[in-house]
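Q: here's a sequence, model it:
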Amino acid sequence: MRILKSGLVYVILLLSVTAAHAQVSIGVKGGLDFGKITNAIEGNDGSGGIAKQSTGTVTQWYGEVFADIPLDTLKMHMFYLRAGVEYLGAGGEMDWTGDYYIANGFTANTKYKLHYVDVPVELMFSPNFSWGRPYIGLGLYTGALMNGTIKSDSVSRSVKIGSSSTDDFQKIDFGYTFSIGLVTQPGFTFGIDYQHGFLRTIPSGAEQPGQAKLKTHNSVWGLNIGWVFKL
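A: Reported below is the predicted structural model:
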């Protein structure tokens, strides 16, 4: 949680230092996202071998408030720092049955919905044209899992958050983020976002005697629309 707070303070400082700059823009965006948890189980591949599988995707939504801060002094700004705060839906769905050797606690026909607050910071290449500015960005994010649900058939419960081997998911997530899109001249924006975690989402520890849990990671694609306002 301290990592997330540090990220929020960092974003606020960036905005404070650059607020007087005429080219700084503030934006909002949101849309559908499609999350899965990679490396979820290790099981029978159907031919007598062992294969690792990810969960299926679960569809949720996400939204972000961000600032685009020019990093160069060219009249046609081309490089920006995009810093934001976002709500993100992540998780995955186990929609198959079979033999699981190592399951990380996942069960078949179960949907896992996780809700994060993230602080993404991206370096963006975004040249200006008369009709708008396309952009492509790459950066890092830090997130905190706020809550979530585990639903199987008609049974639903809240996720247990923590680093103990008996908890469901870790509190903190950290990884890289990638985005591509377009900001039109009036300010309308649309794009695609992707993020992938570096940290294990499932706490470490033995799921079964002598079997360590697999290293799972969040993976989320998002489709967004929004609006950008110049200060």
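Q: so for stretch 211-218, what gets flagged as buried?
A: Across stretch 211-218, burial judged by 16 or more other Cβ atoms under 10 Å covers 213-214, 216-218. To be clear about C-beta, it is placed using only N, CA and C from the backbone, and glycine gets the same treatment.
Q: ok, stretch 105-117 next?
A: Neighbour counts over stretch 105-117 (16+ other Cβ under 10 Å) mark 105-106, 110-117 as buried.
Q: what is the nearest of those to K160?
A: K160 lies nearest to G105 out of the buried residues of stretch 105-117, by Cβ to Cβ, at 10.1 Å.
Q: returning to that earlier point: out of the buried residues of stretch 211-218, which is nearest to L199?
A: Using Cβ to Cβ as the measure, the one of those that approaches L199 most closely is H217, at 7.4 Å.
Q: gap between the closest one and K36?
A: Distance, H217 to K36, by Cβ to Cβ, to the nearest Å: 10 Å.
Q: coming back round to it: and the buried residues of stretch 211-218, which two are the farthest apart?
A: Most distant of these, by Cβ to Cβ, are K213 and N218, 15.3 Å apart.
Q: just give me the longest strand of the chain.
A: Identified as the longest strand of the chain according to DSSP state E is strand 132-152.
Q: what residues sit buried inside that strand?
A: 132-133, 135, 137, 139-145, 148, 150.
Q: ok, and what's touching the following helix or strand past that strand?
A: Downstream of strand 132-152, the next assigned helix or strand under DSSP states H and E is strand 155-158. Identification of contacts with strand 155-158 by Cβ atoms under 8 Å, 6 or more residues apart in numbering yields 147-150.
Q: pull the most distant pair out of the residues you listed.
A: Largest separation among those by Cβ to Cβ: N147 and I150, giving 11.4 Å.
Q: okay, and the common contacts of the two?
A: Contacts common to N147 and I150, judged by Cβ under 8 Å, 6+ apart, are 158-159.
Q: and the residue nearest to K215 when sequence neighbours are not counted, how many neighbours?
A: In this structure, K215 finds its nearest non-sequential neighbour in R200, 5.1 Å apart by Cβ to Cβ, 6 or more residues apart in numbering. For R200, the count of nearby residues is 18 (other Cβ atoms under 10 Å).
Q: now do the SS call for R200.
A: Recorded secondary structure, R200: coil (DSSP: H, G, I helix; E, B strand; the rest coil).
Q: one step back: what is the nearest of the buried residues of stretch 105-117 to A90?
A: Out of the buried residues of stretch 105-117, the member with the shortest distance to A90 (by Cβ to Cβ) is L114, at 4.5 Å.
Q: residue contacts, that closest one?
A: Contact analysis of L114 by Cβ under 8 Å, 6+ apart lists 35, 89-91, 145, 148, 159, 169, 218.
Q: now do the strand or helix carrying it, average pLDDT.
A: Assigned by DSSP H and E, L114 belongs to strand 110-125. Strand 110-125 shows a mean pLDDT of 97.
Q: paired strands for that strand, with orientation please.
A: strand 79-94 (antiparallel), strand 132-152 (antiparallel) (DSSP bridges).
Q: so the most centrally placed residue in the chain is in which element?
A: When Cα atoms, centre = their mean is applied to the chain, the residue found nearest the centroid is Q195 (4.7 Å). Assessed by DSSP H and E, Q195 sits inside strand 188-197.
Q: cool, and I225?
A: I225 belongs to strand 217-230 when assigned by DSSP H and E.
Q: buried residues in that strand?
A: 217-222, 224, 226, 228.
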